[in-house]
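> Compute the structure for the input listed below.
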Amino acid sequence: MAQPFEHGTPIYQEGMQGSWISSDFQAPLEEPQAIDKFEELMSMFADFQAKTEQRMTLIEKEIREVKSRLEDDTARFCEEVEDAVSRLQVWTGQVREAVDGVRYQS
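Numbers count the residues shown, from 1 in each chain. Here you go, the predicted structure:
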């Protein structure tokens, strides 16, 4: 069943003739206007899509850079830990030698 204000209904036709609709009534878009609005919306969508893709590219680049920094930091940290372990092993050996030296002197 047609709604009262659908195109082609008697109420719609009466309204379009201006007998009961106020002057600020906006008639449905004619086909060229609808096409223009559709093209405008598609243009806005394309702009939004382009901006979104640019933003995603920047985010992906930032993620790669952060990942690289984390890998570098991890490698450096592992080297520092290995160096600390080596120094502790040397120090442990020196302490053992000192303790053994004291034992033999007693």
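> Which strands or helices does the host helix or strand of residue 51 pack on?
According to DSSP states H and E, residue 51 maps onto helix 31-105. In terms of contacts (3 or more CB pairs under 8 Å, 6 or more residues apart in numbering; DSSP states H and E), helix 31-105 is not packed against any helix or strand. C-betas here are computed from N, CA, C, even on glycine.
> Check the offset of it from the chain's centre.
17 Å (CA atoms, centre = their mean, to the nearest Å).
> What's the mean pLDDT across that helix?
Helix 31-105 carries an average pLDDT of 93.
> what number of residues lie near residue 57?
When neighbours are counted by other CB atoms under 10 Å, residue 57 registers 10.
> With residue 103 instead?
There are 8 residues near residue 103, going by other CB under 10 Å.
> can you tell me how far it sits from residue 94?
Look at residue 103 and residue 94: by CB to CB, to the nearest Å, they are 15 Å apart.
> What of residue 56?
57 Å.
> What of residue 74?
Residue 74 is 31 Å from residue 94, by CB to CB.
> Residue 50 too?
Distance of residue 50 to residue 94, computed by CB to CB: 66 Å.
> before we move on, what about residue 32?
92 Å.
> ok, now residue 37?
Taken as CB to CB, the span from residue 37 to residue 94 is 84 Å.
> Over to residue 36?
In terms of CB to CB, residue 36 sits 86 Å off from residue 94.
> and residue 62, how many neighbours?
Applying other CB under 10 Å, I find that residue 62 has 10 neighbouring residues.
> who touches it in this structure?
For residue 62, no contacting residues are found, by CB atoms under 8 Å, 6 or more residues apart in numbering.
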